[in-house]
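> what's the 3D shape of this:
(one chain, ligands or ions: 2)
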Amino acid sequence: MNLKPDIVDQHEIHAEWRREIHAYPELAYEEHRTAKFVAEKLGQFGIAIETGIGRTGIVATIRNGSSDRSIGLRADMDALPLQELNEFDHRSTNDGVMHACGHDGHTTMLLAAAEYLAKNRNFDGTVHLIFQPAEEGEAGAKAMMDDGLFERFPMDAVYGMHNWPGQAVGKMATRIGPIMAAMDIFEIKIIGRGGHAALPHLAIDPILIGAQLVQQWQGIVSRNVNPIEAGVISVTQFHAGDAWAVIPNEIVLRGTVRSFKPATRKMIAERMQQLTAGICSGNKCEYLWWYDQRFPPTVNAATEMKAAATASTALIGAANFNSDVEPSTGSEDFGYMLEEKPGCYMLIGNGSSDGDCLLHNPHYDFNDEIIPLGASYWVGLVEQELPARD
Ligand SMILES: [Zn+2]
Ligand SMILES: [Zn+2]
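Residues are numbered from 1 along each chain as shown. Ligands and ions are numbered 1, 2, ... in the order given. Next up is the predicted model:
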């Protein structure tokens, strides 16, 4: 393994940073303490920063030499609304908030890389280190872009990384093309006519209509999505009624849709609404339709994926790098950045899991063992993409 010795030497200190961030998790756009921690560290390394981009986001810039080439490296800083069930010393001190996705580790790995790059400067060009807020469902990446991320800090390419429980330490994986899915959410209200449960013929039962919709929507995935494409419709909430003998007046269905291709994404939303309209009109009831396209798919560009593959292979060896990982139907707001800039999203093994500590689990913890790996990958990528002149 080609770890950077300077980074390995600092491992215990970096692990302390990570556990400090873990102990004080903050929700989307509330990452004030975390951003302050990041800003202080970057200041100690002598790196120029700009704060308040996308509310709590930070961009740190390190320039060296004369090349006008530039790349961006991105980490996320936010935690989840989840009660931590771990008992270790660095467990969350903030009730109901937890770093259950490892963004504490992502922030630390990028800080460790920043420290190395500022000190060694073995590259020619500009590196923008992006510490973004609000990845978990709140589109902090887009908030930073709306605040002029790519105009104020021009970059040729942007790279992201996520830890991956279940993948062994020392392994990395990515692919060309879509690696994470688009994420949409919906809320459909079905308005029937409430009445006595013993006299259903005098009511319009929205529960029966909702049940039909849940089933009919699954037919979109099985009958309308190309079998070699992917699509997911998950109804996750079905709210109806309060009494034994009352047919409720209305029900609410909520859930999420995942897809990889724009055409599939559009088709699923259209077919869902057509079926809703048809079933509701056939049953003489009304509906209210709310459907929101959230994150786009995360799509890796071929050239930047190959650059990331070269840097990973140099670090961990070809046998430990998977260049064609199966895409995940999870989603990532890094997809917004990759819509505007070519780049690559890398998965880094967080170690085997017993099935009870995957991402977003109350027992999850980022594996400090991989900090030198992730940080060395960032440094290697910079030195490779912005090669120093002799
Ligand atoms: Zn997450
Ligand atoms: Zn995450």
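> okay, which residue is most central for the chain?
E332 (2.9 Å; Cα atoms, centre = their mean).
> verify the stated contact: P81 with L27.
Yes: in terms of Cβ atoms under 8 Å, P81 counts as a neighbour of L27; the distance is 6.2 Å. In short, each C-beta sits where N, CA and C put it, glycine included.
> compare these two (neighbour count), which wins?
For P81 versus L27, neighbours defined as other Cβ atoms under 10 Å are more numerous around L27 (17 against 13).
> who touches both of P81 and L27?
By the contact definition Cβ atoms under 8 Å, 6 or more residues apart in numbering, P81 and L27 are jointly contacted by V97.
> number of residues surrounding P342?
Neighbour number of P342 under other Cβ under 10 Å is 17.
> which stretches of this structure have low pLDDT?
Applying pLDDT under 70 to the chain flags the ranges 353-356.
> again, only using 90
1, 352-357, 389-390 (pLDDT under 90).
> other residues contacting the top helix by length along the chain?
Looking across the chain with DSSP state H, the single longest helix is helix 262-282. Residues outside helix 262-282 that contact it (Cβ under 8 Å, 6+ apart): 182, 184, 186, 188, 190, 209, 212-213, 216-217, 220-221, 224-226, 229-231, 233, 257, 259, 286-287, 289, 291, 293.
> list only buried entries from those.
182, 184, 186, 188, 190, 209, 212-213, 216-217, 220-221, 225, 230-231, 233, 257, 259, 287, 291 (16 or more other Cβ atoms under 10 Å).
> how about the helices in this protein?
Secondary structure of the chain, counting by DSSP H: helices at 5-9, 11-23, 32-44, 103-120, 140-146, 149-152, 206-223, 262-282, 302-316, 334-340, 371-385.
> for the shortest one, which positions count as buried?
This means helix 149-152. Buried-residue list, helix 149-152, by 16+ other Cβ under 10 Å: L149.
> now for that helix, which elements pack on it?
Judged by 3 or more Cβ pairs under 8 Å, 6 or more residues apart in numbering; DSSP states H and E, helix 149-152 is in contact with strand 48-53.
> give me the angle between the strand it packs on and helix 32-44.
Interaxial angle, strand 48-53 versus helix 32-44 (axes from the mean of the first three to the mean of the last three Cα atoms, to 10 degrees): 170 degrees.
> helix 103-120 and strand 48-53, what's the angle between them?
Strand 48-53 and helix 103-120 are oriented at 150 degrees to each other (the same axes, to 10 degrees).
> can you list contacts of strand 48-53?
By Cβ under 8 Å, 6+ apart, the surrounding residues in contact with strand 48-53 are 35, 39, 42-43, 57-61, 144, 147-149, 152.
> stretch 214-221 too?
Defining contact as Cβ under 8 Å, 6+ apart, one finds that stretch 214-221 is touched by G231, V232, I233, V235, F238, L253, M267, I268, R271, M272, L275, I279.
> going by neighbour count, which of the residues you listed are buried?
G231, I233, V235, L253, M267, I268, R271, M272, L275, I279.
> identify the residues contacting the third one.
I take that to be V235. V214, W217, L253, R254, G255.
> what does E286 give?
Residues near E286 by Cβ under 8 Å, 6+ apart: I190, I191, C280.
> quick one on the thing from earlier: check the contacts of strand 48-53 and tell me the two furthest apart.
Maximum pairwise distance among those (Cβ to Cβ): 22.5 Å, between G43 and G148.
> quick one on the thing from earlier: out of the contacts of E286, who's nearest G317?
Nearest to G317 among the contacts of E286, counting by Cβ to Cβ, is I190 at 55.9 Å.
> can you tell me the closest non-neighbouring residue to the closest one?
By the measure of Cβ to Cβ, 6 or more residues apart in numbering, the closest residue to I190 outside its immediate chain neighbours is P206, 4.2 Å from it.
> so that neighbour sits against C285, correct?
Yes: counting by Cβ under 8 Å, P206 does reach C285; the two are 6.3 Å apart.
> return every residue with contacts to both of the two.
Listed as contacting both P206 and C285 by Cβ under 8 Å, 6+ apart are I190, I191, G192.
> before we move on, back to that, Throw the helices of the chain into a markdown table and include distance to Y159, thanks.
Shown next, in a markdown table, are the helices of the chain (distance: least, Cβ to Cβ, whole Å):
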| stretch | distance to Y159 |
| --- | --- |
| helix 5-9 | 17 |
| helix 11-23 | 20 |
| helix 32-44 | 18 |
| helix 103-120 | 10 |
| helix 140-146 | 13 |
| helix 149-152 | 14 |
| helix 206-223 | 32 |
| helix 262-282 | 23 |
| helix 302-316 | 6 |
| helix 334-340 | 9 |
| helix 371-385 | 6 |
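> between those, which one is closest to S323.
S323 lies closest to helix 302-316 among the helices of the chain, at 5.5 Å (Cβ to Cβ).
> coming back round to it: compare P206 and C285 (neighbour count), which wins?
Between P206 and C285, counted using other Cβ under 10 Å, the more crowded position is P206 (29 against 18).
> ok, the more buried one - contacts?
P206 neighbours (Cβ under 8 Å, 6+ apart): I190, I191, G192, A240, I247, P248, N249, E250, I251, C285.
> let's go with 6 Å and repeat that
P206 sits next to I190, G192, E250, I251 when contact means Cβ atoms under 6 Å, 6 or more residues apart in numbering.
> ok, the second one to T174 distance?
This points to G192. Distance, G192 to T174, by Cβ to Cβ, to the nearest Å: 48 Å.
> ok, now the last one?
Between I251 and T174 the distance is 42 Å, computed by Cβ to Cβ.
> and if you look at the first one?
Distance of I190 to T174, given as Cβ to Cβ: 42 Å.
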